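Student: Generate a structure from the sequence data that follows.
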Amino acid sequence: MAKILGRAILLLVKIDAAFVPFASLTGKSLSINNEQIDATAPDPATPEGAQWRESLAGTKSVDASGDYALITGDAAQAKAIEIAMADNPSAEFQMFFPGLGTFESTFFVNLQLGEDGKGTGSISLASSGAVTFTAA
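Tutor: Predicted coordinates for the structure are as follows:
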């Protein structure tokens, strides 16, 4: 995979029916998790024999976190705060990685506002539902 310039990673939030650019991520972390369920059982014909582990698909999740810099101004910051303060702090987001692709899902949002007054801060997203990935 080619190196990706951090500030080129875009975070888009769905407002009405369209995804709107929200911020570029600077410091970032992306985690794709697959938990397995151990379904190993002995062979009834030879229960004392060696057992190969068998697994079933378990819980899948995608989490992302990083520092952000707003690219669409105060309205985007207000929308992010609105989402984070809601009773159900989730919204549909896309994360676009140039040369790699786009992750899309509903994500729970944790937000930390920067103190510099320049539209920066930290954000973490935790998937809530199926995540789709579209390769670039």
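Student: Just give me the longest strand of the protein.
Tutor: Using DSSP state E to assign secondary structure, the strand with the most residues in the chain is strand 18-38.
Student: Who are the packing partners of the helix or strand just after it?
Tutor: Downstream of strand 18-38, the first helix or strand assigned by DSSP states H and E is strand 55-70. Packing contacts for strand 55-70, counted by 3 or more Cβ pairs under 8 Å, 6 or more residues apart in numbering; DSSP states H and E, involve strand 18-38, strand 101-113, strand 120-127. Heads up, the C-betas are built off the backbone N, CA and C, glycines and all.
Student: Mean confidence (pLDDT) on strand 55-70, please.
Tutor: Mean pLDDT, strand 55-70: 87.
Student: what would the helices and strands packed on strand 55-70 look like in JSON lines with distance to Lys79, mean neighbour count and mean pLDDT?
Tutor: Formatted as JSON lines, those follow (distance: least, Cβ to Cβ, whole Å; neighbours: other Cβ atoms under 10 Å; pLDDT from 0 to 100):
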{"stretch": "strand 18-38", "distance to Lys79": "7", "mean neighbour count": "15", "mean pLDDT": "84"}
{"stretch": "strand 101-113", "distance to Lys79": "10", "mean neighbour count": "18", "mean pLDDT": "91"}
{"stretch": "strand 120-127", "distance to Lys79": "12", "mean neighbour count": "19", "mean pLDDT": "89"}
